[in-house]
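# could you work out the structure for the sequence below:
(4 chains)
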There are 2 protein chains.
Amino acid sequence: MSNKSVRTIADIARLAGVSKSTVSRALNDSPLIGEDTKAKIRSLAREHNFQINAPARRLSMKQSRTIAFVTHAYHKDFSVADLFGLEIMGGISIGLARREYDLLVIHVDPYDTKWTHQYFDTGRVDGFILMTATRKQNHVKALLETHAPFIVWGIPQPRQKYCSVTGDNLSGGRLAAEHLIAVGRKRIGFIGGPPEEMEVQHRLAGYEAALKDAGRDINQVLIEYGDFSNTSGADAIQRLLKKAPELDAVFVNSDLMAIAAMDAIREEGRRVPEDIAVVGYDDLSIAEHSNPPLTTIRQNIPLAGKLLAQNLIEYLQTGMVTNVSIPVELVVRKSA
Amino acid sequence: MSNKSVRTIADIARLAGVSKSTVSRALNDSPLIGEDTKAKIRSLAREHNFQINAPARRLSMKQSRTIAFVTHAYHKDFSVADLFGLEIMGGISIGLARREYDLLVIHVDPYDTKWTHQYFDTGRVDGFILMTATRKQNHVKALLETHAPFIVWGIPQPRQKYCSVTGDNLSGGRLAAEHLIAVGRKRIGFIGGPPEEMEVQHRLAGYEAALKDAGRDINQVLIEYGDFSNTSGADAIQRLLKKAPELDAVFVNSDLMAIAAMDAIREEGRRVPEDIAVVGYDDLSIAEHSNPPLTTIRQNIPLAGKLLAQNLIEYLQTGMVTNVSIPVELVVRKSA
DNA sequence: GGTGAGTTTGCAACCGATTGCATAAAGTTG
DNA sequence: CAACTTTATGCAATCGGTTGCAAACTCACC
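Below you'll find the predicted structure:
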């Protein structure tokens, strides 16, 4: 800490000739304090560059005004959550800063079960933001048991009550399929993330709805799944091409898988988009720099981040559970 | 916070039939306390899942055991610092966790000048980690004036004393150029980051040294600069190709610029690596998934992160200023 | 001028830890 | 067994805020 002479509210109180409590109330803009006193105290504080002591305040108020962003370790072996998580963190940071909350990044081992206590019971953070990641359900369970406030990115489990923000996966799937239909593709494949994930099921439902609306049949042969990793995208498209060589388009559930799939398609000697059109999902920053630039479903990631921050804080203050879904949009580039 | 009945050291004290001070000392493993008392208190603490209150401890000890990772807002328009920063954060997080420090991510406006006080004078953080980013020198100045402890990724300014961790840019430049020479390239270009940055100067020096060692002349025409952004990479290679059409290789100062450059090269109708070989810098995770997979200079990013964390804490505790440089290595893939 | 309401301010307790100093208990020594 | 260490524990102050309650002051009104 710096060595200035005026660093506590007691110092300010002395200078202003009032008591500590008056200073505290004045700085918190309490209606109990007279306007002129407030003004004097405020100008004194500004003049001496006074900064209130956070730990003391936190101790006294029994809240930390800090939110934890829960992530797993970053590995070379990139998962969606990483790049996606980075982009969403920007939005979260802005949302939190606006409400004067701090952002703590914590890095939890997927098999650790005590982390919630370590951060919550100690009063280090007031709540948690959970991203789609390995072991998410474990984390949700741990948080529910600890009675710790949290919000998740993604669709909440059926009968559980907690806050969430998610993309409109149904529309996302529909938009992707409709676009492929509109550009004249006949045999449109679907490469999903893990089939047990709600998000993936919704995207599939959107895809199927679009096909039906266009009077097409759903063909199970054209449906494959991966796990959101690059390699799984390449594997899935290879299986698909083997089963259904006449494929002329594919909707892939993540940009990373889609980019890997495009490479695999070329290795099979086919062209993107001439032979096979590809639509991705997320619109990560790399999507526009892929080869060819990826047509994809954009999730408004900064908005998602802002909402995660905002709604969690809302919940902390009012106890109101929100489950919102944010719109998606189609971004047409060269791959489809 | 949870509503358990035993949440403070006073509770433990009551259960153990000792005083608060004894509990505090026992939990901190003070030599003043007898072994059997310690054992009893510890087992009591474990049994009741006791977690010490962080704000109280911080207030009392006048330190937060929290480090701020300073970043600017994340934009769609990705800069190296972003992706690079994400990867390095992993290492930092590990290094901090090992010493039981928390990681706060703060997001500062490039023109804000009061942020150091907001975080340091308030006792929210004990120190800062600064990445290469816009306005870094402003930030360094602000931190020095506040007398706040910090460490930077990058080469420190000549006569200033502060901690730093940096890659071995001289070797990096040399390795890149030597490799291009070894694979038989004759007209090797250099695309740097901003020429005023030390790192860039060192990489250029390494590149020039390698050429000289091979008995080649340095040709200023083959040297161009960008600003680490993707678009600047594309622009730079275009200028270079115009000035020096006979170019057959180029060493680019960042993977992101290199990937954009490869796209630009193809648009000019040339092939990578057949016509023009490309070597990047950093070895970000996307490097191996680019088209073609990028040959690049790997910085050991996780290690860098760990050292940033470790050396900053070291400085906090002992006041020892360290300036370390970590080794780089050449990773050969398809682009050169 | 006394009374009551309304407005400002201060006192002192409290949040939950750490720590210097005093003290009590146990052990050593001549 | 007295005197003197050594070892283990407790008391009470402290860190820097917040807040319930009492007190003082200002006015208006009868």
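# surely A:Glu224 meets A:Gly192?
Yes. Using CB atoms under 8 Å, A:Glu224 is in contact with A:Gly192, at 7.4 Å. Using the backbone N, CA and C atoms, a C-beta is placed for each residue, glycine as well.
# which one's more surrounded, those two?
Each of A:Glu224 and A:Gly192 has its neighbours counted (other CB atoms under 10 Å in any protein chain shown); A:Gly192 has more, 26 against 23.
# the closest residue in space to A:Asn291 that isn't next to it in sequence: neighbour count?
Nearest residue to A:Asn291, sequence neighbours excluded (CB to CB, 6 or more residues apart in numbering or on different chains): B:Asn291, at 4.5 Å. When neighbours are defined as other CB under 10 Å, B:Asn291 has 19 of them.
# what does the one 10 residues further on give?
Residues contacting B:Ile301 under the criterion other CB under 10 Å number 25.
# can you tell me how far it sits from B:Arg216?
31 Å (CB to CB, to the nearest Å).
# A:Leu307 now?
Distance from A:Leu307 to B:Arg216, by CB to CB: 57 Å.
# which of these two has more residues huddled nearby?
Higher neighbour count among A:Leu307 and B:Arg216: A:Leu307, with 25 against 15, using other CB under 10 Å.
# any idea how far the more buried one is from B:Thr116?
Using CB to CB, which is the criterion applied here, A:Leu307 is 30 Å from B:Thr116.
# ok, now A:Asn311?
Distance from A:Asn311 to B:Thr116, by CB to CB: 31 Å.
# swap in A:Leu211?
Counting by CB to CB - A:Leu211 and B:Thr116 are separated by 57 Å.
# cool, A:Tyr111 as well?
39 Å.
# kindly report the same for A:Leu308.
From A:Leu308 across to B:Thr116, the span is 28 Å (CB to CB).
# repeat that for A:Thr66.
Distance from A:Thr66 to B:Thr116, counting by CB to CB: 19 Å.
# for A:Gly280, same thing?
41 Å.
# helices of chain A, start to end?
A:9-16, A:20-27, A:35-47, A:54-61, A:80-98, A:115-116, A:136-146, A:169-182, A:198-213, A:230-243, A:255-267, A:301-318 (DSSP state H).
# adding mean pLDDT, write those helices out as TSV.
TSV is the format used below for those (pLDDT from 0 to 100):
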stretch	mean pLDDT
helix A:9-16	94
helix A:20-27	96
helix A:35-47	94
helix A:54-61	97
helix A:80-98	81
helix A:115-116	94
helix A:136-146	88
helix A:169-182	98
helix A:198-213	96
helix A:230-243	92
helix A:255-267	91
helix A:301-318	95
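# nearest to B:Glu197, of those helices?
helix A:80-98 (23.3 Å; CB to CB).
# quick revisit: who's more crowded, A:Leu211 and B:Thr116?
Higher neighbour count among A:Leu211 and B:Thr116: B:Thr116, with 25 against 21, using other CB under 10 Å.
# is it true that the more buried one touches B:Val140?
No. In this structure, B:Thr116 is not within contact of B:Val140 by CB under 8 Å, at 10.6 Å.
# for A:Ile12, list the residues it contacts.
Neighbour list for A:Ile12: A:6, A:23, A:41, A:44-45, A:48, A:50 [criterion: CB atoms under 8 Å, 6 or more residues apart in numbering or on different chains].
# ignore the last one, A:Leu330
A:Leu330 neighbours (CB under 8 Å, 6+ apart): A:175-176, A:179, A:295-298.
# from DNA strand C, how far out is the residue nearest to A:Arg203 when sequence neighbours are not counted?
Leaving aside its sequence neighbours, A:Arg203 sits nearest to A:Gly173 (CB to CB, 6+ apart; 3.7 Å). Applying CB to the nearest atom of the strand, to the nearest Å, the value for A:Gly173 to DNA strand C is 49 Å.
# what residues does A:Gly173 make contact with?
A:202-210, A:251.
# let's see it at 7 Å
A:202-207 (CB atoms under 7 Å, 6 or more residues apart in numbering or on different chains).
# what subset of those is buried?
A:202-204, A:206-207 (16 or more other CB atoms under 10 Å in any protein chain shown).
# closest one of the contacts of A:Leu330 to DNA strand D?
A:Arg298 (42.0 Å; CB to the nearest atom of the strand).
# that closest one touches A:Glu329, doesn't it?
Yes. Under the criterion of CB atoms under 7 Å, A:Arg298 makes contact with A:Glu329 at 5.1 Å.
# okay if I get the helices of chain A as CSV plus distance to DNA strand D?
Listed next are these as CSV, based on distance: least, CB to the nearest atom of the strand, whole Å:
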stretch, distance to DNA strand D
helix A:9-16, 4
helix A:20-27, 3
helix A:35-47, 10
helix A:54-61, 3
helix A:80-98, 19
helix A:115-116, 25
helix A:136-146, 24
helix A:169-182, 42
helix A:198-213, 40
helix A:230-243, 49
helix A:255-267, 45
helix A:301-318, 13
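# nice, that's everything, thank you.
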